[in-house]
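Q: this one's sequence-less:
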């Protein structure tokens, strides 16, 4: 059996990018000190969740990937010997932006990136103003701790991508998010366990915390944390994180359970992709 120690963060917005980046470096160091071998930050970790409004000033947060942020955290990954999943606002060129997660291996190498496919456009999630839909498929990264995939926030409502990651061999999929109370609460509890059980891998889901009122005033929402890990049978691994406290959620995950569960329930053998004719057509 292969047991790894994984970490996800839930953090508040500091008010400026430099201190937010410093905060997450400190969180990565703390996670490593606690034995974590892989850590994933929250969605768009280096800024506020600016989808609350439509304002071109937030384009200034966009970064080249790879670029300065991946270089800084790649050096940190190498120093700590920890895999880092780094969700950032990516600029491919001026005017062409993506919601992206870079994956940095434990030796500091840049393994590649995932770009969020499903982009919402609804009250205080005005993401189509900021992001083009992802166009790099559903990569699975062969990291020092195992095969890792990424699905970002709103993506989680779409089962097709979860399946793509499973077919790509993922053992652990991270879903970094920025999720507010309301209709999402029940789905937050439901969707990741369902995806883990249906696709037979571990899922790690992390959410922001806090109310970014200094940034957005009366439009600000309160992110409710509740970050958690779930196993390939759909069971929580330990308790979920708090709803209002900055923390690192760390859990030991036995990746050997992936093979065991897939042998117990042969979902991949018994799939019928030849019969799912409406999915590619619609």
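A: Alright, I've got the coordinates. Remember, it's a predicted structure, so these values are computed and weren't measured experimentally.
Q: only C-alpha atoms from now on, for both contacts and neighbour counts.
A: Noted.
Q: show me what counts as buried in stretch 160-168.
A: Across stretch 160-168, burial judged by 16 or more other Cα atoms under 10 Å covers 161-166, 168.
Q: what about stretch 231-244, start to end distance?
A: Stretch 231-244 has an end-to-end distance of 24 Å (Cα to Cα, to the nearest Å).
Q: how far is it from where the chain is centred?
A: Its chain's average C-alpha position is 15 Å from that of stretch 231-244, according to Cα atoms, centre = their mean, to the nearest Å.
Q: list the contacts of it.
A: When contacts are defined by Cα atoms under 8 Å, 6 or more residues apart in numbering, stretch 231-244 is touched by residues 192-197, 199-203, 209-210, 224-230, 247, 249, 251, 253, 257-258, 261.
Q: so which residue is dead centre in this structure?
A: Residue closest to the average C-alpha location in the chain (Cα atoms, centre = their mean): residue 176, at 2.6 Å.
Q: so where is the stretch 101-250 of the chain shaky, pLDDT-wise?
A: By pLDDT under 70, the stretch 101-250 of the chain contains no weakly predicted segment.
Q: which residues in it form helices?
A: Counting by DSSP state H, counting those that start in this stretch, the stretch 101-250 of the chain has these helices, from start to end: 159-167, 184-199, 213-216.
Q: now render these as a markdown table, adding distance to residue 99.
A: A markdown table is the format used below for these (distance: least, Cα to Cα, whole Å):
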| stretch | distance to residue 99 |
| --- | --- |
| helix 159-167 | 16 |
| helix 184-199 | 20 |
| helix 213-216 | 20 |
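Q: so which of those helices is nearest residue 23?
A: When those are compared by Cα to Cα, helix 213-216 sits nearest residue 23, at 17.9 Å.
Q: compare the helices of the stretch 101-250 of the chain and give me the one nearest residue 88.
A: Of all those, the one in closest proximity to residue 88, counting by Cα to Cα, is helix 213-216 (18.6 Å).
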